[in-house]
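Asks: The following comprises the amino acid sequence and a computationally predicted model.
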Amino acid sequence: MPQDQKTIYLTFDDGPTPEITHWTLNILKEFNAKATFFCIGNNIEKHPEIFHDILKDGHTLGNHTYSHPKGWTTSSEVYVDQVLKTEEIIDYQVSNSKFQTLHADRSQGSPRANLFRPPYGQITPQQGRRLLTLGYEIIMWDILAFDWKDSISEEQCAKNVISKARPGSIVVFHDSVKASRNMMFALPKVLHHFNESGFKFERL
């Protein structure tokens, strides 16, 4: 991402999740921040109303497969099928939402599923080539919050992002129950710190 402007790109993996996604949306709104949510297809099916709230708030959507498989131990056929199944779910929900006109141009930050993040960061060269051929952009990161790790404290989680994020950084948080303790402490700290430093938070 461009590094000549004070912009950070927050991303959230594994939702939508009832216990945490709405809280995340409210905090982002409080700081006038936009983000990208890499959603799991199975979670979208279970919680379409939360998915629509992500749309309503003007965030970008990404595809995070249907059931979060590990790419290195999953066949390319199964892996790509999971991505395509999730794209169908996202497209259906977007087309049936009154917010479907948000970012309608896929090339200009569309809410649709052309952004893809591999679960665990695991993707084989063959899987990657197939997804690129299908028109996906594979989005990785340079900053992991490690919010899902029980072995780090809430303070360490916040410090990890604040000390390492730079202009153009793509930061990974998780709107999941497992990550909620650390994320709910760290995210407001990160937003406040960089907001005070003149940074903007934008969607991919």
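Replies: Structure received.
Asks: Looks to me like residue 17 is in a strand.
Replies: No. Under DSSP: H, G, I helix; E, B strand; the rest coil, residue 17 falls outside any strand and is assigned coil.
Asks: longest strand anywhere in this structure?
Replies: If you go by DSSP state E, the chain has its longest strand at strand 7-13.
Asks: Between the two ends of stretch 145-165, what distance do you get?
Replies: Stretch 145-165 has an end-to-end distance of 10 Å (criterion: CA to CA, to the nearest Å).
Asks: Could you give the bridge partners of the closest residue to residue 194 other than its chain neighbours?
Replies: Distances taken as CB to CB, 6 or more residues apart in numbering put residue 8 closest to residue 194, at 6.0 Å, once the chain neighbours are dropped. C-betas here are computed from N, CA, C, even on glycine. Taking DSSP bridges as the rule, residue 8 bridges to residue 201.
Asks: Now do the same contact list for residue 8.
Replies: Contacts for residue 8 (CB atoms under 8 Å, 6 or more residues apart in numbering) come out as 165, 167-169, 171, 194, 199-202.
Asks: Return a PyMOL selection command for the buried portion of those.
Replies: Of those, the buried ones can be selected in PyMOL as follows, counting by 16 or more other CB atoms under 10 Å:
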select buried, resi 165+169+171+194+199+201+202
